[in-house]
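Chemist: Need a 3D model of the sequence below.
(chains A and B)
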Amino acid sequence: MSTVTDAKRKAPAGERVADWADGRLGIYSLAKANMRKIFPDHWSFMLGEIALYSFIIIILTGVYLTLFFHPSMNEVVYHGSYVPMQGIRMTEAYASTLEISFDVRGGLLIRQIHHWAALIFLAAMFVHMMRVFFTGAFRKPREINWLFGFLLFVLGMFTGFTGYSLPDDLLSGTGVRFTQGAILATPVVGTYISFFLFGGEFPGHDMVARFYSIHILLLPGIMLGLVVAHLILVFYHKHTQFAGPGRTNKNVVGMPLLPVYMAKAGGFFFLVFGVIAAIAGLFTINPVWALGPYRPDQVSTGAQPDWYMGFAEGLIRVMPGWEINLWGHTLALGVFIPLTLFGLVLVALAVYPFIESWVTGDKREHHILDRPRNAPTRTALGVAWITGYVIMLLGGGNDIFATHFHLSINSITWFVRISYFVGPVLAFVITRRICLGLQRRDKDKVLHGRESGIIKRLPHGEFVEVHEPLSQQQLHTLTAHEQYAPAEIGPSVDENGVERKVTRGQKLRAKLSKGYYGEGNQIPKPTADEYKEITSGHGHH
Amino acid sequence: MSSQEIPEKNLPSEQDTAHGAVAVAEDPFADPGLPPHKPRVQDIDERAAKRSERTVALLFTLSMLSTIGFIASFVAFPVEKIVYVWPLGHVSALNLSLGVTLGLALFCIGAGAVHWARTLMSDVEVADDRHPIEADPVVKAKVMSDFAAGAEESAIGRRKLIRTTMFGALAMVPLSGVVLLRDLGPLPEEKLRHTLWGKGKQLINMNTNEPLRPEDVAVGSLTFAKPEGLEEDNHEFNNEIAKAALMIVRLQPQDIKDKRELDWSHQGIVAFSKICTHVGCPISLYEQQTHHVLCPCHQSTFDLSDGARVIFGPAGHALPQLRIGVNDEGFLEALGDFEEPVGPSFWERG
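Modeler: Have a look, this model is predicted:
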């Protein structure tokens, strides 16, 4: 009897709290599945973590900013502590941004952490997407999670845009004007969308309040939901891993969440936050006080959006000013085509996993990552996309390049116009050649071993370099990747001599499949027989 | 079109899971299994482990000190204090010290945790099995039969009247939400076609707020003007100036190539809308030798000596011109509103 009460008394407080919670939430079953969950290790897996942590930092600092920011376009005359703006008419939004920057202690730091974290958030998502793309981590079963990530990237762009428009300073107002002009170019409904969005004519009196609720509630609310869903799927699918000894498509090799990844990932949050805080302390971002409040009849030179909107800026800058006037209507193609391209360039990202899985016809799950060289066509397509994106980013900064490098703005614009079409093609061809070259080198290494740098003189005078054979672990790693055979259309008549109907879709798929996996578009990986033939030592070296 | 038509042989064969010893002679590329764990120095040398422990503790202590530094800076530095720090230049002392101390306080926690994980926590790699995401056929069959039972019991397939009206109701009810959005803004109507300019409105110099005389406009200078009566404290100032902003230059009448431009000018003084016809930035760069104006946002370039036609850049049409003259008192005045809408193109512009 006494032993029972002893045992009861001895249960530690933490365990009793956990028991209480388990009785209501079932946390033990949850912990059983996840507490020691295995995560594989690779430097590229932390890119998504940077995105996640900067998102959390943005939410934390954003809540702080809402305590001081006045999302109102009511006009006031400024009498705050920033002398150059005293006596100037401005909106309350701008005045309160000045107050956050100059009167609230630490306000400037939080504002700058918020803005820097937003820039880093978008950059981290962008690079994380590249990692997932180039290693084929988007393949089944992760296509939906790719879409969630894609949506986070696009929503992040618009949350960023609505956010940096809130201070209502001259630079941000110019960006909003540009957006309004682009909306006006939308056929049929553009004018109506503009009037409904701005509550009448531009700039109106509602823009800041409306952008505010979009920026702090609507978009981040959706994004928070998507982030949670994204993470749940990462846990549910278990993380991908690179091929290696002991790492198969049916297991996941790494270290457990508790304690290693608790410490590493938890610690990494503080590293990211620390670096962003230090950057925000050291480097000014978006000095809203420099140019003054927005006025639709004033502008500064060198106006630039945040980097993630730069490619849209480039599209709109380099497009020729085509305009069609017919039957009393105007179609401003010079603005509408860039607007459409902006969407198409992004949608190409969203649909890629589905296109590739259609081409391969592969319905299996893939948990082993591809090395980019082993998927030459995919890698080349990705690099081509990035090339187009970067060229438009350059186009978006054509005035900055012109003034900094003393170049003609007209030549830069023409360069961007031409290279937007030529650049991606060149990038595609070059990247694929590099990938194939690397595949050949891998094959060479497998079959002939590693070049040791040791020169040996043979008895009859010949000099040869000694090649060291690879270990079985290395051999396995270099030959673990899968290679598809191109899909065939098959004979045009069936076994009874009746003409088979070959749809256009089938023909297209066969063509694409040949482009991906046909002869010359991938290097056949070495076979065990080739290896044995060469290593059996019949005079080869 | 469906991928079932791809023969199995075209798919790479499923990799065999090769655990344990595989005869190398059989398959030199076979998976040799997880390599043995290589111990770190901390695993075998307790002194090295102690060193790691001290490093981690030092980092956590540094973090605490930095937080104290943060609070001290918050109290010590006045918000308006500017200091010169090489190479940053003149910066706010408070912002710099708060940023650096907060950054250090956070970074040291992270560095400590990561160092702890990397040197002292077990780094033995473990393998977990994966399970297929899709359910096995038994589970699927159970779900299908459950669903069929549920659908059958609801009779949604049989009682078509219920089904149809329910879909109708669900499809219609969001319309209320759409209708509610109607009052987000007024309809465009003709608002984009009209500005504050009109017959007899004087041109007011934007800088001096005084009416302009022809002799105020020198050759080679760029003057900005607004319509008389539009003051900055007007509630609708921004909306009106967004359409009415005007730029005025004086050319030699013989330099004006466009006949209508010449007719609408006064002694070589021409007035054009300042709002770019591309996406609405205010044009503000003037090159007096060539009479070109350039929009600093997207570099659309207009030739003011030739009806402000587009000579470079993404703008789709010329800048609208305002017809001007001189009133009895010798001030410049508009002879009407712009004849076409100013600013970016829109569908109804025509």
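
Chemist: Touching, residue A:235 and residue A:37? I think so.
Modeler: Yes: the pair residue A:235 and residue A:37 passes the contact test of C-beta atoms under 8 Å, sitting 7.0 Å apart. For the C-beta atoms, the positions are set from N, CA and C on the backbone; glycine is no exception.

Chemist: higher neighbour count, those two?
Modeler: Using other C-beta atoms under 10 Å in any protein chain shown, the more surrounded residue of residue A:235 and residue A:37 is residue A:37, with 17 against 13.

Chemist: any idea how far residue A:390 is from the more buried one?
Modeler: 37 Å (C-beta to C-beta, to the nearest Å).

Chemist: Residue A:258 now?
Modeler: 41 Å.

Chemist: same deal with residue B:220?
Modeler: Using C-beta to C-beta, one gets 40 Å for the distance from residue B:220 to residue A:390.

Chemist: can you pull the contacts of residue A:44?
Modeler: Residue A:44 is in contact with A:131, A:135, counting by C-beta atoms under 8 Å, 6 or more residues apart in numbering or on different chains.

Chemist: how about the nearest residue in space to residue A:398 that is not next to it in sequence, secondary structure?
Modeler: What sits nearest to residue A:398 in space, not counting adjacent residues and going by C-beta to C-beta, 6 or more residues apart in numbering or on different chains, is residue A:412, at 4.5 Å. With DSSP: H, G, I helix; E, B strand; the rest coil as the basis, residue A:412 sits in helix.

Chemist: With the one 4 residues further on instead?
Modeler: Three-state call for residue A:416 (three-state DSSP): helix.

Chemist: Could you report the neighbour count for it?
Modeler: 22.

Chemist: Point me to the helix or strand that includes the residue lying closest to it once chain neighbours are set aside.
Modeler: Leaving aside its chain neighbours, residue A:416 sits nearest to residue A:395 (3.8 Å; criterion: C-beta to C-beta, 6+ apart). Taking DSSP states H and E as the criterion, the element that holds residue A:395 is helix A:376-396.

Chemist: next helix or strand past that helix?
Modeler: Going down the chain from helix A:376-396, the next helix or strand is helix A:398-405, by DSSP H and E.

Chemist: got the angle for that following helix vs helix A:376-396?
Modeler: 80 degrees (axes from the mean of the first three to the mean of the last three C-alpha atoms, to 10 degrees).

Chemist: Contacts for helix A:398-405, please.
Modeler: Residues outside helix A:398-405 that contact it (C-beta under 8 Å, 6+ apart) are A:301-302, A:304, A:314, A:317-318, A:394, A:407-409, A:412-413, A:416, B:296, B:299.

Chemist: And for stretch A:322-342?
Modeler: The contact list for stretch A:322-342 (C-beta under 8 Å, 6+ apart) reads A:181-182, A:184-187, A:311-312, A:315-316, A:319-321, B:278-279, B:314-317, B:344-350.

Chemist: Buried subset of these, written for ChimeraX?
Modeler: To isolate the buried ones among the contacts of stretch A:322-342 in ChimeraX, judged by 16 or more other C-beta atoms under 10 Å in any protein chain shown, type:
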select /A:181,182,184,185,186,311,312,315,316,319,320,321 /B:278,279,314,315,316,317,344,345,346,347,348,349
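
Chemist: Inside strands: which ones of the contacts of stretch A:322-342?
Modeler: Applying DSSP state E to the contacts of stretch A:322-342, no entry is found in strands.

Chemist: out of the contacts of stretch A:322-342, which are inside helices?
Modeler: A:181-182, A:184, A:311-312, A:315-316 (DSSP state H).

Chemist: one step back: just the buried members of the contacts of helix A:398-405?
Modeler: Buried subset of those (neighbour count, 16+ other C-beta under 10 Å): A:304, A:314, A:317-318, A:394, A:409, A:412-413, A:416, B:296, B:299.

Chemist: Distance to residue A:489 for these - can I get that in JSON lines?
Modeler: Output for the buried ones among the contacts of helix A:398-405, formatted as JSON lines (distance: C-beta to C-beta, whole Å):
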{"residue": "A:304", "distance to residue A:489": "50"}
{"residue": "A:314", "distance to residue A:489": "41"}
{"residue": "A:317", "distance to residue A:489": "44"}
{"residue": "A:318", "distance to residue A:489": "41"}
{"residue": "A:394", "distance to residue A:489": "42"}
{"residue": "A:409", "distance to residue A:489": "51"}
{"residue": "A:412", "distance to residue A:489": "46"}
{"residue": "A:413", "distance to residue A:489": "45"}
{"residue": "A:416", "distance to residue A:489": "40"}
{"residue": "B:296", "distance to residue A:489": "56"}
{"residue": "B:299", "distance to residue A:489": "50"}
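
Chemist: would you turn the residues you listed into JSON lines with pLDDT and distance to residue A:53?
Modeler: Formatted as JSON lines, the buried ones among the contacts of helix A:398-405 follow (pLDDT from 0 to 100; distance: C-beta to C-beta, whole Å):
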{"residue": "A:304", "pLDDT": "89", "distance to residue A:53": "26"}
{"residue": "A:314", "pLDDT": "92", "distance to residue A:53": "30"}
{"residue": "A:317", "pLDDT": "91", "distance to residue A:53": "34"}
{"residue": "A:318", "pLDDT": "92", "distance to residue A:53": "36"}
{"residue": "A:394", "pLDDT": "92", "distance to residue A:53": "30"}
{"residue": "A:409", "pLDDT": "88", "distance to residue A:53": "39"}
{"residue": "A:412", "pLDDT": "91", "distance to residue A:53": "37"}
{"residue": "A:413", "pLDDT": "91", "distance to residue A:53": "39"}
{"residue": "A:416", "pLDDT": "94", "distance to residue A:53": "35"}
{"residue": "B:296", "pLDDT": "90", "distance to residue A:53": "37"}
{"residue": "B:299", "pLDDT": "89", "distance to residue A:53": "39"}
